[in-house]
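Undergrad: quick one, structure for this:
(chains A and B)
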Amino acid sequence: MLLFRSEEHVERWCRAWSLPRGATLSPETAWRLARAWYSADRRERAWRRRTVDETEALLAGLGLTGPFWALR
Amino acid sequence: MDSDDAEVDFQVRAAVYDSVMTGGAAPLVDELAAQLGLARGQVSAALERLAAGRALVLQHESREVLMANPFSAVPTPFAVRAAGKLYYGNCIWDALGIPAALGADARIDCSCGCCGEAMSLAVDGDALQPADGVVHFAIPAHRWWDDIVFN
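TA: Residues are numbered from 1 along each chain as shown, chains lettered A, B, ... in the order given. Purely as a prediction, here's the structure:
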């Protein structure tokens, strides 16, 4: 996942690498995703990876729904 | 996995993250073995199990730690200054994940993925400071782990 100056720069990068355009988030939404994803302390014994259901719920809670964000 | 393996996996995972988070660097297999009083082979086997369980990512040939997400064990274009240390994120999402994981303010220095123009983000008091720019996810979520190094 990369940071770009603008949507235009995303499109230019996709053309240069012959890659389909993916999904874009504002920095604020990316921060909320990062905070939700990584706040748990992975040094704790109880830490475990989220299940698919839990991950889908986390993404949906941030409005990240639809085919691009689907996990199955 | 038996309970002994599970206990070793926990010890190795906790030690890797503790070293990365408090020291800013990922420990080598030999360092983990010495720290935990384990044989090198026990540590390597634990790292492989943790990688198989997607709790860590290992370097392709050396099998040392490459990623303890959100932290990168090697320098990347996503430099994160937080808690008086320099960390590296694996991508912009992980770079933002570092202040989240540390519970610390941070400044992220990176550049536009297209043109290389310098860009920065700042987290202050659990809030992202207003920032221009767009975060692009190139790979759909169900394929994120197909090639986590590219992604």
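Undergrad: just list whatever residues bridge to the residue most central in space within chain B.
TA: Chain B has B:Phe71 as the residue nearest its centroid, 2.1 Å off, counting by CA atoms, centre = their mean. Taking DSSP bridges as the rule, B:Phe71 bridges to B:Ala68, B:Gly89.
Undergrad: that one reaches B:Cys91, doesn't it?
TA: No - B:Phe71 is beyond contact range of B:Cys91, at 11.7 Å (criterion: CB atoms under 8 Å). C-beta here means a position set from N, CA and C on the backbone, and glycine is covered the same way.
Undergrad: what's the top helix by length along chain B in contact with?
TA: Among the segments of chain B that qualify as a helix by DSSP state H, the longest is helix B:3-18. For helix B:3-18, the external contacting residues (CB atoms under 8 Å, 6 or more residues apart in numbering or on different chains) are A:41-45, A:47, B:1, B:26-27, B:32, B:35-36, B:38, B:42-43, B:45-47, B:49-50, B:55-56, B:65, B:68.
Undergrad: and it, what's buried?
TA: Buried positions in helix B:3-18, judged by neighbour count with 16 or more other CB atoms under 10 Å in any protein chain shown: B:Val8, B:Asp9, B:Phe10, B:Gln11, B:Val12, B:Arg13, B:Ala14, B:Ala15, B:Val16, B:Tyr17.
Undergrad: equivalent analysis for stretch B:15-32, please.
TA: Buried, per 16+ other CB under 10 Å, within stretch B:15-32: B:Ala15, B:Val16, B:Tyr17, B:Ser19, B:Val20, B:Met21, B:Gly24, B:Ala26, B:Pro27, B:Val29, B:Leu32.
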